[in-house]
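A.B. asks: Pasted the sequence and its predicted model underneath.
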Amino acid sequence: MQRTRTEVQPTSGASKTAGAPRFGEAPPPELAGAVPSRLRIRNTTLVLPSILLAGDLLMLESAFLSVYWARFLSGWFAVPKGVPDLAIYLLGSLGMLLVFLVIFHAHGMYDLRRRPTFADDITGLARSVITATLFLVAIAFFYRGYSFSRSFALGFMATSYVALVAGRLFARYLHLLARAHGVGLERVAVLGRNAAQERLLRALRQRPGLGMEVAGEILLADDEPGRLPALGRLAQVEQVVERHHLDGILVTLPLREVERFLPLLEALADSQVRVTFVPDLQDLRATNLRLQSVAGLPFLELRQVTLTGIHRVFKRAFDLVVAGLFCVLGAPLMLGIALVVRLTSPGPVLFRQQRVGRDGTVFQMLKFRTMRQDAESHTGPVFARAGDPRTTPAGRWLRRLSLDELPQLYNVLRGEMSLVGPRPERPVFVEEFRSAIPRYFERHKVRCGITGWAQVNGLRGDTPLEERTLYDIYYLENWSLALDVKILALTLRSVLSRRNAY
């Protein structure tokens with residue numbers, strides 16, 4: 001049956017909303033986080049993966065040849081068995097490239113949805129390089145036709161990781177240049193105006209590596225044009241897709257309204273447009289949906305718990321090693337900060353405040369004092385905010401660089417905190433939030449942290465606790481040591497760029 005095509009016309013409601021964007025209007029950059037589309041090239045979703053793949057091959061082979069030269073030809077190391085045949089090693093490098101690429105693909109190193117940022121590359125490459133090297137060593141052990149140098153394998157593992165990180169950094173720089181000319185962007189529209197849409201737009205702004213250009217929104221029958229450009233109504237979605245050259249549609253409707261976008265799937269059944277459902281996880285009281293197939297039936301798992309048992313042991317060992325190292329290396333810096341605090345404002349160097357930790361245990365959290373002694377004498381317990389007048393001159397500098405948090409390393413060593421975890425709150429706030437925010441107290445199933453998943457995603461200070469709680473629960477349900485390393489790396493980047501601190 002042939003579908004009837006009609007032109008999408010502005011609705012009469014468009015004139016009722018002051019300042020509303022017109023149909024087909026280009027999206028404001030502050031909303032969509034996109035670059036101008038003047039030179040956008042269609043069907044370029046393979047641009048960055050292709051650059052990454054080519055860069056990985058080049059870096060791996062370069063690292064292989066560099067280690068061969070350093071180990072056998074440079075004269076830096078003894079070669080009691082003589083220099084091995086380069087041709088054999090070059091032939092082995094072809095097998096090495098194949099193994100690395102297969103493992104990289106299995107670990108999602110070319111899936112930009114899973115690894116949108118350079119920090120994702122750093123952690124993913126570490127896991128992939130170790131796995132691939134161990135696999136190659138195992139193959140060399142069982143293969144008796146030729147004996148490869150074990151010291152060469154160790155040198156190659158370290159050198160290849162450094163080379164791959166440098167290659168990824170350069171590849172992402174090239175991709176930024178390409179995106180500045182509209183290459184590699186996926187043009188999408190959103191359907192469903194609610195809190196989930198706001199979180200989605202913020203995530204796309206914060207993660208430009210996702211490569212999505214938000215053209216505007218598709219309106220339901222009862223929607224009025226809003227902040228985003230109105231591209232058309234859901235009833236004319238086929239014409240909307242063709243007119244605005246959409247590559248995908250992001251649906252943010254709540255599950256209780258799922259029947260409202262079923263016609264969308266039917267209308268686009270014969271098209272190449274990707275339709276992605278972005279569930280409102282806060283409405284579901286869930287943070288991680290996992291789809292499994294059981295006996296051919298789809299099972300959607302809403303709750304998982306990862307930070308239990310032996311995982312807690314690994315996390316605690318990681319905390320002790322890293323916190324101890326930071327304490328030793330950072331001792332001169334902390335001594336200098338203590339002198340600055342002491343000499344620039346009256347009062348103690350350290351600020352002690354009761355916070356609620358794991359299982360509701362109350363402890364004394366330590367920070368370098370950044371406010372006047374009488375900061376809450378007139379206001380009572382309140383959240384810090386940007387430009388807080390209670391902050392001392394030295395305190396503003398410490399907060400901007402997050403150096404006031406350094407004494408919490410002592411809390412970590414004492415077992416009261418972790419390097420990474422939900423940020424601890426004061427008892428007066430916990431009692432208020434646990435009854436008002438669903439699943440809030442689940443944050444206290446683990447040690448609280450100096451930094452956390454919510455903080456590196458820009459949710460700090462007086463941002464809504466509901467959203468911070470959602471990010472904290474996501475961390476609990478998706479914990480891994482690699483995630484902890486990633487959060488620490490993102491925290492360091494945020495500190496160096498002076499973002500999200502006050």
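C.D. replies: Nice, I can see it. Numbers count the residues shown, from 1 in each chain.
A.B. asks: C-alpha only now, for contacts and for neighbours.
C.D. replies: Will do.
A.B. asks: Give the residue spans of the stretch 101-250 of the chain that score low on pLDDT.
C.D. replies: Filtered on pLDDT under 70, the stretch 101-250 of the chain yields the residue ranges 112-116, 143-147, 179-184, 208-210.
A.B. asks: Scan this protein for its longest helix.
C.D. replies: Counting residues, the longest helix in the chain under DSSP state H turns out to be helix 150-180.
A.B. asks: Give the buried residues for that one.
C.D. replies: For helix 150-180, the neighbour count (16 or more other Cα atoms under 10 Å) marks 153, 155-165, 167-169, 171-172, 175-176, 178-180 as buried.
A.B. asks: What are the boundaries of the helices in the stretch 251-400 of the chain?
C.D. replies: Chain-ordered helices for the stretch 251-400 of the chain, with DSSP state H, counting those that start in this stretch as the definition, fall at 262-267, 281-284, 310-329, 331-344, 393-400.
A.B. asks: Nearest to Leu101, out of these?
C.D. replies: Taking Cα to Cα, helix 310-329 is the member of those nearest to Leu101, at 29.0 Å.
A.B. asks: would you say Arg423 is within a helix?
C.D. replies: No. Per DSSP: H, G, I helix; E, B strand; the rest coil, Arg423 lies outside any helix segment and is coil.
A.B. asks: Surely it and Arg447 touch.
C.D. replies: No. In this structure Arg423 lies outside contact range of Arg447 using Cα atoms under 8 Å: 9.1 Å.
A.B. asks: got the CA positions of stretch 344-361 in PDB?
C.D. replies: Presented in PDB, the C-alpha positions along stretch 344-361 are these (Å, rounded to 0.1, in the frame of the first residue of the first chain):
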ATOM      1  CA  THR A 344      46.000  34.200  55.400                       C
ATOM      2  CA  SER A 345      43.000  33.800  57.700                       C
ATOM      3  CA  PRO A 346      42.400  33.200  61.400                       C
ATOM      4  CA  GLY A 347      41.400  29.700  62.500                       C
ATOM      5  CA  PRO A 348      42.500  26.100  62.100                       C
ATOM      6  CA  VAL A 349      44.200  24.800  59.100                       C
ATOM      7  CA  LEU A 350      41.900  21.800  58.700                       C
ATOM      8  CA  PHE A 351      38.100  21.900  58.500                       C
ATOM      9  CA  ARG A 352      36.400  18.900  60.100                       C
ATOM     10  CA  GLN A 353      32.800  18.100  59.400                       C
ATOM     11  CA  GLN A 354      30.500  15.200  60.100                       C
ATOM     12  CA  ARG A 355      29.600  13.200  57.100                       C
ATOM     13  CA  VAL A 356      27.600  10.000  56.600                       C
ATOM     14  CA  GLY A 357      29.600   7.100  55.100                       C
ATOM     15  CA  ARG A 358      29.000   3.400  54.300                       C
ATOM     16  CA  ASP A 359      26.000   1.800  56.100                       C
ATOM     17  CA  GLY A 360      25.100   5.200  57.600                       C
ATOM     18  CA  THR A 361      28.300   5.400  59.700                       C
END
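A.B. asks: and Asp85, how many neighbours does it have?
C.D. replies: 8 (other Cα atoms under 10 Å).
A.B. asks: roughly how far apart are it and Phe72?
C.D. replies: Computed as Cα to Cα, to the nearest Å, the Asp85 to Phe72 distance reads 10 Å.
A.B. asks: just for this protein, where's the confidence low?
C.D. replies: Ranges of the chain meeting pLDDT under 70: 1-48, 112-116, 143-147, 179-184, 208-210, 280-306, 308, 373-389, 460-463, 498-502.
A.B. asks: Can you show me the strands along it?
C.D. replies: Under the criterion DSSP state E, the chain contains strands at 186-191, 212-219, 230-233, 248-251, 274-277, 290-294, 297-301, 350-356, 362-368, 417-420, 448-451.
A.B. asks: Report the inter-axis angle for the longest one versus strand 186-191.
C.D. replies: Right, strand 212-219. Calculated by axes from the mean of the first three to the mean of the last three Cα atoms, to 10 degrees, strand 212-219 forms an angle of 30 degrees with strand 186-191.
A.B. asks: for strand 212-219, packing partners?
C.D. replies: helix 29-32, strand 186-191, strand 230-233 (3 or more Cα pairs under 8 Å, 6 or more residues apart in numbering; DSSP states H and E).
A.B. asks: Can you tell me what sits against the longest one?
C.D. replies: Counting by Cα atoms under 8 Å, 6 or more residues apart in numbering, strand 186-191 makes contact with 45, 197, 211-220, 245-253, all of which sit outside it.
A.B. asks: Go ahead and confirm Val341 touches Ala394.
C.D. replies: Yes. Judged on Cα under 8 Å, Val341 makes contact with Ala394 at a distance of 6.7 Å.
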